[in-house]
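In: Let's see this in three dimensions:
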Amino acid sequence: MNPYILSVLLMGLGLGTTVTFASSHWLLAWMGLEMNTLAILPLMAQHHHPRAVEAATKYFLIQSAAAATILFAGVTNAWLSGQWEIQQISHPIPTTLMIIALFLKIGLTPLHAWLPEVIQGLDLTTGLILSTWQKLAPFALLVQVLPDMPTLLVGLGSLSVAIGGWGGLNQTQLRKVLAYSSIAHLGWMVIVLQYSTLLTVLALTMYITMTTSVFLIFKLLKSTNMNTLASSWSKAPVLTAFTPLILLSLGGLPPLSGFMPKWLIIQELTKQELGLVATLTALMALLSLFFYLRICYSLSLTSSPNNLLGLLPWRMNTKQVTLLMTTSMSLSMLLLPVSPAIFSLVSAL
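Out: Numbering: from 1, shown residues only. The predicted structure follows:
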């Protein structure tokens, strides 16, 4: 793609998210979401592959339906209450419509079926943008709406954790595994949204950091399914040694950074006398941990039948920029000891 066009599209992505963040009016928020959608569609279809075009078409239809529902909910709220402000939505009908639309936007259960299929048709870079940056604007609206429906949010969040774990068990395509991982992590964020917005923001930040690491690692290794991971040792031995730690952090194992948001969310649910929900959610997270362990096994405990020439790629210098990958990898592994300071900082903001 032409660098100038790419720059314009990336600026469109950033501007759309910024407009949604800064807006307090439903029409402006809707405009920001539309800018986001229109900016990412050319990035999704840039390779002119049938799967990429199919993924872009599916994404466009889903996001159009969600945006139309958001606009309809905003108009309905203005009709019923005379208010266009985002935080003034109070009637149950527009609130329900808005929650449905935002869940469809980010791919939460029960409106999640499009997400694995769309990410599977994209390259790893565009899949990374879809899994991280495109979640920010809808989550900003979800945090501002903050419906008084704790039972619904806890139920759908728990269901998302379960579906994200079950759906990824029989997958061999890495992009689909990461899509179901996204569904499971978003479930954790929605469970605690009603009780602590700060914990939701913290969990979203850690999810973006860890997912960025994994996508960039798979891109450097040029791996899109589990079978190709077996040759990773001959491509990047040091990176392959650290990758299982990143995956286990994504699964939420201590003493890695991914344990921090799950630990704090379970603690908050226990404070809210939801011990049973916390226990079931923690048990369902073991499903996700299983397919992370499968990737670790394929990556580090299997070896491909290499000839002598097949052992040489690690000697070749890569032209790919690795600063973002190494930074996100470090944050994904080493933040747990400073979690009290991070939570205190977030609380102060």
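In: For residue 259, give me its contacts.
Out: The contact partners of residue 259, by Cβ atoms under 8 Å, 6 or more residues apart in numbering, come to 249, 252, 253, 336. The C-beta positions use only the backbone N, C-alpha and C, and glycine is treated the same way.
In: do residue 84 as well
Out: Residues near residue 84 by Cβ under 8 Å, 6+ apart: 25, 26, 27, 74, 77, 78.
In: what residues are up against residue 264?
Out: Counted by Cβ under 8 Å, 6+ apart, residue 264 has contacts 199, 202, 339, 343.
In: mind checking how far it is from residue 117?
Out: As defined by Cβ to Cβ, to the nearest Å, residue 264 lies at a distance of 32 Å from residue 117.
In: the longest helix in the protein is where?
Out: When secondary structure is assigned using DSSP state H, the longest helix within the chain turns out to be helix 50-81.
In: Mind checking what secondary structure residue 40 has?
Out: Using DSSP: H, G, I helix; E, B strand; the rest coil, the three-state assignment for residue 40 comes out as helix.
In: what's the answer for residue 254, then?
Out: coil.
In: number of nearby residues for it?
Out: Each residue near residue 254 was counted by other Cβ atoms under 10 Å, and the total is 13.
In: got a list of what the closest residue to it other than its chain neighbours touches?
Out: Spatially, and ignoring its direct neighbours in sequence, residue 254 is nearest to residue 336 (6.7 Å; Cβ to Cβ, 6 or more residues apart in numbering). Applying Cβ under 8 Å, 6+ apart, we find residue 336 in contact with 254, 255, 256, 257, 259, 260.
In: can you give me phi and psi for residue 336?
Out: For residue 336, the backbone dihedrals (degrees, to the nearest 10) come out as phi -60, psi -40.
In: domain ranges for the protein?
Out: The chain resolves into domains spanning 1-147, 149-349 when parsed by automatic domain parsing.
In: okay if I get those as JSON lines plus mean pLDDT?
Out: Shown next, in JSON lines, are the domains of the chain (pLDDT from 0 to 100):
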{"stretch": "domain 1-147", "mean pLDDT": "89"}
{"stretch": "domain 149-349", "mean pLDDT": "85"}
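In: quick one on the thing from earlier: return the entry from the contacts of residue 259 with the maximum number of neighbours.
Out: residue 249 (29 neighbours).
In: right, and that residue touches residue 255 too?
Out: No - counting by Cβ atoms under 8 Å, residue 249 sits too far from residue 255 to count as a contact (9.6 Å).
In: If we only consider the contacts of residue 259, which is nearest to residue 61?
Out: Of all those, residue 61 sits closest to residue 252, with 33.6 Å by Cβ to Cβ.
In: how about that closest one, phi and psi?
Out: Dihedral angles for residue 252 - degrees, to the nearest 10 - are phi 90, psi 30.
In: Tell me how far it lies from residue 30.
Out: Separation of residue 252 from residue 30 (Cβ to Cβ): 35 Å.
In: again, but for residue 206
Out: Relative to residue 30, residue 206 is positioned 29 Å away (Cβ to Cβ).
In: between these two, which one's more packed in?
Out: Relative neighbour count places residue 206 above the other of residue 206 and residue 30, with 25 against 20, counting by other Cβ under 10 Å.
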